[in-house]
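Q: How does the following fold in three dimensions:
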Amino acid sequence: QVQLVESGGGLVQAGGSLRLFCAASGRTASTYNMAWFRQAPGKEREFVAAVSRSGGLTIYGDSVKGRFTISSNAKTTVYLQMNSLIPEDTAVYYCAAGNAIGADENLFLYWGQGTQVTVSS
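A: Numbering: from 1, shown residues only. Just a heads-up that it's a prediction; the model follows:
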(Lines give C-alpha, C1' and ligand atoms only; values in the text may rest on other atoms or scores of the structure.)
Protein backbone atom coordinates (compact mmCIF):
# COMPACT_ATOMS: atom_id res chain seq x y z
CA GLN A 1 0.00 0.00 0.00
CA VAL A 2 1.22 3.51 -0.85
CA GLN A 3 -0.06 6.73 0.66
CA LEU A 4 0.22 9.96 -1.31
CA VAL A 5 -0.11 13.43 0.17
CA GLU A 6 -0.14 16.56 -1.99
CA SER A 7 0.72 20.07 -0.85
CA GLY A 8 1.68 23.44 -2.28
CA GLY A 9 -1.61 24.46 -3.84
CA GLY A 10 -3.10 27.89 -3.39
CA LEU A 11 -4.28 31.08 -5.05
CA VAL A 12 -2.03 32.83 -7.55
CA GLN A 13 -2.45 35.53 -10.16
CA ALA A 14 -2.19 34.76 -13.85
CA GLY A 15 1.42 34.72 -14.95
CA GLY A 16 2.59 33.55 -11.55
CA SER A 17 4.14 30.30 -10.37
CA LEU A 18 3.44 27.55 -7.88
CA ARG A 19 5.27 24.41 -6.88
CA LEU A 20 3.33 21.34 -5.89
CA PHE A 21 4.71 18.54 -3.78
CA CYS A 22 3.67 14.89 -3.51
CA ALA A 23 5.03 12.87 -0.62
CA ALA A 24 4.74 9.11 -0.98
CA SER A 25 5.02 6.76 1.95
CA GLY A 26 4.52 3.09 2.50
CA ARG A 27 6.06 -0.11 1.33
CA THR A 28 7.96 0.13 -1.99
CA ALA A 29 6.81 3.70 -2.53
CA SER A 30 10.04 4.51 -4.34
CA THR A 31 9.51 1.78 -6.95
CA TYR A 32 6.53 3.41 -8.69
CA ASN A 33 6.19 5.76 -11.61
CA MET A 34 4.52 8.98 -10.56
CA ALA A 35 2.14 11.41 -12.22
CA TRP A 36 0.03 14.51 -11.77
CA PHE A 37 -3.53 14.80 -13.01
CA ARG A 38 -6.00 17.62 -12.56
CA GLN A 39 -9.73 18.05 -12.56
CA ALA A 40 -11.58 21.32 -13.01
CA PRO A 41 -15.22 21.72 -11.96
CA GLY A 42 -17.54 20.05 -14.43
CA LYS A 43 -14.68 18.57 -16.47
CA GLU A 44 -13.04 15.19 -16.89
CA ARG A 45 -9.82 14.41 -15.09
CA GLU A 46 -6.90 15.52 -17.27
CA PHE A 47 -3.36 14.21 -17.50
CA VAL A 48 -0.74 16.81 -16.59
CA ALA A 49 2.65 15.10 -16.37
CA ALA A 50 4.41 11.89 -15.38
CA VAL A 51 7.91 10.85 -14.38
CA SER A 52 9.50 7.43 -14.32
CA ARG A 53 10.69 5.88 -11.07
CA SER A 54 14.30 6.70 -11.98
CA GLY A 55 13.43 10.25 -12.94
CA GLY A 56 14.94 9.74 -16.38
CA LEU A 57 11.72 9.86 -18.40
CA THR A 58 9.12 12.61 -18.29
CA ILE A 59 5.97 13.16 -20.34
CA TYR A 60 3.55 16.09 -20.41
CA GLY A 61 0.04 16.90 -21.45
CA ASP A 62 -0.23 19.26 -24.41
CA SER A 63 -1.84 22.03 -22.39
CA VAL A 64 1.10 22.35 -19.99
CA LYS A 65 4.12 21.65 -22.20
CA GLY A 66 6.74 24.34 -21.87
CA ARG A 67 5.16 25.75 -18.70
CA PHE A 68 5.17 22.90 -16.18
CA THR A 69 8.08 20.71 -15.09
CA ILE A 70 7.78 17.42 -13.23
CA SER A 71 10.68 16.02 -11.26
CA SER A 72 11.38 13.62 -8.44
CA ASN A 73 14.05 12.81 -5.94
CA ALA A 74 13.83 9.21 -7.21
CA LYS A 75 12.74 8.19 -3.74
CA THR A 76 9.48 9.37 -2.27
CA THR A 77 8.84 12.95 -3.39
CA VAL A 78 7.57 14.28 -6.68
CA TYR A 79 7.41 17.94 -7.61
CA LEU A 80 5.41 19.89 -10.15
CA GLN A 81 6.81 23.32 -10.96
CA MET A 82 4.09 25.39 -12.60
CA ASN A 83 5.08 28.61 -14.36
CA SER A 84 3.18 31.10 -16.50
CA LEU A 85 -0.07 30.01 -14.91
CA ILE A 86 -3.33 30.88 -16.64
CA PRO A 87 -6.90 30.78 -15.29
CA GLU A 88 -7.52 27.59 -17.25
CA ASP A 89 -5.02 25.85 -14.96
CA THR A 90 -7.47 26.21 -12.08
CA ALA A 91 -8.28 22.71 -10.83
CA VAL A 92 -7.73 20.18 -8.10
CA TYR A 93 -4.37 18.57 -8.74
CA TYR A 94 -3.90 14.91 -7.88
CA CYS A 95 -0.76 12.88 -7.44
CA ALA A 96 -0.80 9.26 -8.61
CA ALA A 97 1.52 6.26 -8.49
CA GLY A 98 1.63 3.18 -10.69
CA ASN A 99 3.68 0.44 -12.26
CA ALA A 100 3.37 1.79 -15.79
CA ILE A 101 3.84 5.31 -17.12
CA GLY A 102 1.54 7.13 -19.49
CA ALA A 103 -1.32 9.57 -19.79
CA ASP A 104 -4.07 7.09 -19.00
CA GLU A 105 -5.32 7.43 -15.44
CA ASN A 106 -6.14 3.72 -15.40
CA LEU A 107 -2.39 2.98 -15.34
CA PHE A 108 -2.12 4.39 -11.83
CA LEU A 109 -2.96 2.40 -8.74
CA TYR A 110 -2.73 4.91 -5.93
CA TRP A 111 -4.08 8.43 -5.65
CA GLY A 112 -3.78 11.32 -3.25
CA GLN A 113 -6.63 13.47 -1.99
CA GLY A 114 -5.71 16.43 -4.17
CA THR A 115 -4.67 20.03 -3.67
CA GLN A 116 -6.55 23.04 -5.01
CA VAL A 117 -4.86 25.43 -7.42
CA THR A 118 -6.71 28.62 -8.29
CA VAL A 119 -5.39 31.09 -10.86
CA SER A 120 -7.05 34.49 -10.90
CA SER A 121 -7.19 36.68 -13.99
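Q: ok, residue 63 to residue 89 distance?
A: 8 Å (C-beta to C-beta, to the nearest Å). Glycine gets a C-beta too; all of them are placed from N, C-alpha and C.
Q: And the two? Which one has more around it.
A: Set residue 63 next to residue 89 and count neighbours by other C-beta atoms under 10 Å: residue 89 wins out with 22 against 14.
Q: wait, what's in contact with that one?
A: 38, 64, 82, 117, 119 (C-beta atoms under 8 Å, 6 or more residues apart in numbering).
Q: cool, residue 81 as well?
A: Counting by C-beta under 8 Å, 6+ apart, the residues that residue 81 touches are 17, 19, 68, 69, 70, 71.
Q: With residue 8 instead?
A: Neighbour list for residue 8: 18, 19, 20, 21, 115 [criterion: C-beta under 8 Å, 6+ apart].
Q: Need the nearest residue in space to the most centrally placed residue in the chain, chain neighbours excluded.
A: Residue closest to the average C-alpha location in the chain (C-alpha atoms, centre = their mean): residue 36, at 2.2 Å. Of all residues not flanking residue 36 in the chain, residue 48 sits nearest, at 4.2 Å (C-beta to C-beta, 6 or more residues apart in numbering).
Q: Contact partners for that neighbour?
A: Applying C-beta under 8 Å, 6+ apart, we find residue 48 in contact with 35, 36, 37, 38, 60, 61, 64, 68, 70, 80, 93.
Q: that older thread, among the contacts of residue 8, which one lies nearest to residue 102?
A: residue 20 (20.0 Å; C-beta to C-beta).
Q: quick one: residue 95 and residue 79, what's the gap?
A: Distance of residue 95 to residue 79, computed by C-beta to C-beta: 10 Å.
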